[in-house]
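Enquirer: 3D model of this:
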Amino acid sequence: MATKNGGAIYANNANIDVRNSIFSRNSSEYAGGAVSLVHTKAWLGNLSFFRNSAEYMGGAIQISGNVRVQINSSII
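Expert: Numbering: from 1, shown residues only. Model (predicted):
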């Protein structure tokens with residue numbers, strides 16, 4: 001297990017823009033195997049998620065709190 005939340009990306013109170021990426025075989029101890037967004041504004045585009053896992057919730061993406069997210073052209 002990589003981290004408690006967000007095996008690849010953990011964003012808290014941030015603005016993020018992630019494009020043209022592959023998230024594969026990431027893991028977390030609690031939530032958001034690949035990506036965890038907390039109180040964050042996010043634009044996610046042209047992403048692929050394969051074999052990501054979390055012990056409790058959000059194998060690929062976990063969202064909590066005041067989050068604004070737009071996901072385009074992605075495989076989850």
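Enquirer: Contact partners for residue 71?
Expert: Residues in contact with residue 71 (C-beta atoms under 8 Å, 6 or more residues apart in numbering) are 44-45, 47. Backbone N, C-alpha and C define where each C-beta goes, glycine included.
Enquirer: so what's the one residue sitting closest to the centre of the chain bridging to?
Expert: What sits nearest the mean C-alpha location of the chain, by C-alpha atoms, centre = their mean, is residue 35, with 1.6 Å. With beta bridges defined as DSSP bridges, residue 35 has these partners: residue 9, residue 61.
Enquirer: so it makes contact with residue 9?
Expert: Yes: here residue 35 reaches residue 9: they are 4.7 Å apart, a contact under C-beta atoms under 8 Å.
Enquirer: returning to that earlier point: okay, and which of the contacts of residue 71 map to strands?
Expert: Cross-referencing these against strands under DSSP state E gives 44-45, 47.
Enquirer: and which of these is nearest residue 59?
Expert: residue 47 (14.3 Å; C-beta to C-beta).
Enquirer: Correct me if wrong: the closest one contacts residue 21.
Expert: Yes: contact criterion C-beta under 8 Å: residue 47 and residue 21 qualify, at 5.3 Å.
Enquirer: Please say which of these two ends up with more neighbours.
Expert: Legend: neighbour count by other C-beta atoms under 10 Å for residue 47 and residue 21, higher for residue 47 (21 against 17).
Enquirer: quick one: low-confidence ranges for this structure?
Expert: For the chain, applying pLDDT under 70 flags the ranges 1-2.
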